[in-house]
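Asker: all I have is the shape, not the residue letters:
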């Protein structure tokens, strides 16, 4: 059988592009070269390019997502999505490839857009009994009523950009005078923000993937941040401990795994997902759902997969095979 051409898209338009380049490089490294011919594709606002092993850049023809190498046009059998943040995690890339008819790993454009918008996600899941923090929403230009915000969510609280991944634009507010600066910080990332009550408890991360046609909940990871909360530094610069399996009771583990699976299935997800929860009085409260989680060797989801006996090569190959099979049907 001829080898399949796989475009690994990485980079993106958000503050997370460096992490995405690392994730994409790990996928490139571990993808089975006997079955696939992988291509590193950098997606940036000012350029979409194929980057070869000598760092030469060849532009992508966006009409059909093809490249010309040595006067020969190359098209792709499948696209592996390793873009965190926009445009890979918010529906744009999913819709683009759906229109071109090229299989893309991960979930569909609706699920991507929905999960990337924290407010909308929480609103959709609420009727299903998924517990969350108390929240207050602001759009840029809205009048800021500090008293009302504090009355609704209490102190301390978290101010977050509504549509930004990886803890950019997030602040913990302990006192009223910190509220406006925190709102200003969040508005640098997005013109919609969400302010949430502080949940004091054990934080865990749960990977749920479609593996060999089955919804599979991976071992739970406990997150212990050295910083005041699980921010960008804690997530990517080693300022946290990620303990897999989590040091929680089997009852807590069953509860959070069941909720994470329910969220995945209610949203009709496919591909990878990683959701974050905080236990309050023994009950898991959902913080967010990531549909393009980090895929570096140190990232949470690959660690969880390895604990479940799934190698990185198997994890990546399964993502490609599942989407190619579903595309044929």
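Answerer: The structure has been received and is ready for your questions. No experiment lies behind these values; they were computed from the predicted model shown. Residues are numbered from 1 along each chain as shown.

Asker: give me the below-cutoff pLDDT ranges for the stretch 51-200 of the chain.
Answerer: 164-167 (pLDDT under 70).

Asker: do that again at 90, thanks
Answerer: Flagging of the stretch 51-200 of the chain using pLDDT under 90 yields the residue ranges 163-170, 189-190.

Asker: which stretches of it form strands?
Answerer: Residue ranges of the strands in the stretch 51-200 of the chain, as given by DSSP state E, counting those that start in this stretch, are 57-59, 67-69, 72-74, 78-81, 135-139, 157-161, 171-173, 192-197.

Asker: and the ones you listed: which comes nearest residue 322?
Answerer: Of all the strands of the stretch 51-200 of the chain, strand 78-81 sits nearest to residue 322, with 10.3 Å by Cβ to Cβ. The way it works is simple: take the backbone N, C-alpha and C, and place the C-beta from them, glycine included.

Asker: which strands and helices lie in contact with the closest one?
Answerer: Using 3 or more Cβ pairs under 8 Å, 6 or more residues apart in numbering; DSSP states H and E as the contact test, the elements touching strand 78-81 are strand 4-11, helix 92-100, helix 312-328.

Asker: deepest of the strands of the stretch 51-200 of the chain, which one?
Answerer: A comparison of the strands of the stretch 51-200 of the chain by mean neighbour count, using mean count of other Cβ atoms under 10 Å, puts strand 78-81 on top with a mean of 27.

Asker: what's it in contact with?
Answerer: Identification of contacts with strand 78-81 by Cβ atoms under 8 Å, 6 or more residues apart in numbering yields 4-9, 24, 27, 31, 38, 41, 65, 88, 93-94, 97, 102-106, 292, 316, 319-320, 323-324.

Asker: and with 7 Å instead?
Answerer: For strand 78-81, contacts defined as Cβ atoms under 7 Å, 6 or more residues apart in numbering pick out 4, 6-9, 27, 88, 93, 97, 102-106, 292, 316, 319-320, 323-324.

Asker: and those residues, which are buried?
Answerer: 6-9, 27, 88, 93, 97, 102-106, 292, 316, 319-320, 323 (16 or more other Cβ atoms under 10 Å).

Asker: rewinding a little: would TSV of the strands of the stretch 51-200 of the chain with distance to residue 269 be doable?
Answerer: Shown next, in TSV, are these (distance: least, Cβ to Cβ, whole Å):
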stretch	distance to residue 269
strand 57-59	33
strand 67-69	31
strand 72-74	31
strand 78-81	14
strand 135-139	22
strand 157-161	22
strand 171-173	29
strand 192-197	21
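
Asker: wait, which of those strands is closest to residue 253?
Answerer: Proximity of the strands of the stretch 51-200 of the chain to residue 253 was assessed by Cβ to Cβ; the nearest stretch is strand 192-197, lying at 24.3 Å.

Asker: which other helices and strands contact that closest one?
Answerer: When contacts are defined as 3 or more Cβ pairs under 7 Å, 6 or more residues apart in numbering; DSSP states H and E, strand 192-197 sits against strand 135-139, helix 146-153, strand 157-161, helix 179-187.

Asker: hey, what's the angle from it to strand 157-161? Just curious.
Answerer: Note on geometry: by axes from the mean of the first three to the mean of the last three Cα atoms, to 10 degrees, strand 192-197 and strand 157-161 are set 160 degrees apart in direction.

Asker: and the contacts of strand 192-197?
Answerer: Strand 192-197 is contacted by residues 118-119, 133-139, 149, 153-154, 157-163, 183, 186-187 when judged by Cβ under 7 Å, 6+ apart.

Asker: again, 8 Å this time
Answerer: Strand 192-197 is contacted from outside by 117-119, 132-140, 149, 152-154, 157-163, 169, 183, 186-187, using Cβ under 8 Å, 6+ apart.

Asker: enumerate every residue touching the residue positioned nearest the centre of the chain.
Answerer: When the chain is reduced to its mean C-alpha position, the closest residue under Cα atoms, centre = their mean turns out to be residue 290, at 3.0 Å. Contacts for residue 290 were tallied using Cβ under 8 Å, 6+ apart; they are 84, 89, 115, 165, 273-276.
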